[in-house]
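Participant: Fold the following, please.
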Amino acid sequence: EPARAMLDVLAAAGAPRVTAVHAAAEETGLAAAAFDLVVLADALQWVDPTRGAREAARLLAPAGVLAVVTPRLADTPFLAALTERIAAANFKARPAAPPVGLLFSVAGLGAPETEGFDDEEELGPERLDAVLRSLSYVGPALGEGALAALLADARALASVHGGAVWRRELTLAWAR
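Facilitator: The predicted structure is shown next:
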């Protein structure tokens with residue numbers, strides 16, 4: 001994890017059996033061929049796919065697995081309106097789908113197997129704020145004024161659309 005603040009959250013959670021590494025995915029500094037599994041979960045959009053793929057291939061032990069989880073917000077009236085508002089606040093908010101195929105190809109693994117999952121959570125006002133603050137292209141990316149305005153808009157949109165339902169379509173792609 002390259003963001004010190006995210007590592008601090010992990011440390012505060014007291015996650016057992018997790019060794020936090022302060023590094024970018026493209027250059028971890030970890031031992032070569034030492035891992036049975038390399039996972040990028042909702043992070044590929046922040047990784048240089050060519051350099052990240054080379055590093056993943058370097059880290060994997062023989063017969064190791066590269067797994068990538070990519071989320072996509074579902075097409076609901078609430079989320080469509082919220083996505084539009086987020087894009088207005090930050091033009092870099094998810095401009096394109098992450099290059100999953102390129103990552104696997106450069107890693108020398110070929111086309112991955114994929115499986116889809118749905119995730120849904122009804123969010124009260126405080127939880128809605130927390131989820132939005134946790135998004136790298138919202139919480140850390142916006143100044144306090146813009147963030148406060150976005151949070152207020154999100155609550156108003158939830159009211160207009162009968163509540164805030166955070167619905168995501170998750171895709172797991174993996175290959176050996």
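Participant: Identify the residues contacting E55.
Facilitator: Residues near E55 by C-beta atoms under 8 Å, 6 or more residues apart in numbering: 25-28. (Glycine included, C-beta is placed from N, CA and C.)
Participant: host element of it?
Facilitator: helix 49-59 (DSSP states H and E).
Participant: Might you quantify the distance of whichever helix or strand comes after that helix from its chain's geometric centre?
Facilitator: Moving toward the C-terminus from helix 49-59, the next helix or strand (DSSP H and E) is strand 60-73. Here strand 60-73 is found 13 Å from its chain centre; the criterion is C-alpha atoms, centre = their mean, to the nearest Å.
Participant: ok, now stretch 5-20?
Facilitator: Distance, centroid of stretch 5-20 to centroid of chain: 17 Å (C-alpha atoms, centre = their mean).
Participant: Which residue, other than its chain neighbours, is closest to the most centrally placed residue in the chain?
Facilitator: The centre of the chain sits closest to D42, judged by C-alpha atoms, centre = their mean, with a distance of 2.2 Å. Excluding the flanking residues, the one nearest D42 by C-beta to C-beta, 6 or more residues apart in numbering is P71, at 5.4 Å.
Participant: For the longest helix that the chain contains, output the C-alpha coordinates as PDB.
Facilitator: In the chain, with assignment by DSSP state H, the single longest helix is helix 144-160. Extracted in PDB, the C-alpha atoms of helix 144-160 (Å, rounded to 0.1, in the frame of the first residue of the first chain):
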ATOM      1  CA  GLU A 144     -13.000  20.200   2.700                       C
ATOM      2  CA  GLY A 145     -15.400  22.500   1.000                       C
ATOM      3  CA  ALA A 146     -16.000  20.400  -2.100                       C
ATOM      4  CA  LEU A 147     -16.200  17.300   0.100                       C
ATOM      5  CA  ALA A 148     -18.800  18.800   2.400                       C
ATOM      6  CA  ALA A 149     -20.900  19.900  -0.600                       C
ATOM      7  CA  LEU A 150     -20.700  16.500  -2.200                       C
ATOM      8  CA  LEU A 151     -21.700  14.800   1.100                       C
ATOM      9  CA  ALA A 152     -24.700  17.100   1.400                       C
ATOM     10  CA  ASP A 153     -25.700  16.500  -2.200                       C
ATOM     11  CA  ALA A 154     -25.400  12.700  -1.700                       C
ATOM     12  CA  ARG A 155     -27.700  12.900   1.300                       C
ATOM     13  CA  ALA A 156     -30.200  14.900  -0.700                       C
ATOM     14  CA  LEU A 157     -30.000  12.500  -3.600                       C
ATOM     15  CA  ALA A 158     -30.700   9.600  -1.200                       C
ATOM     16  CA  SER A 159     -33.800  11.400   0.100                       C
ATOM     17  CA  VAL A 160     -35.000  12.000  -3.500                       C
END
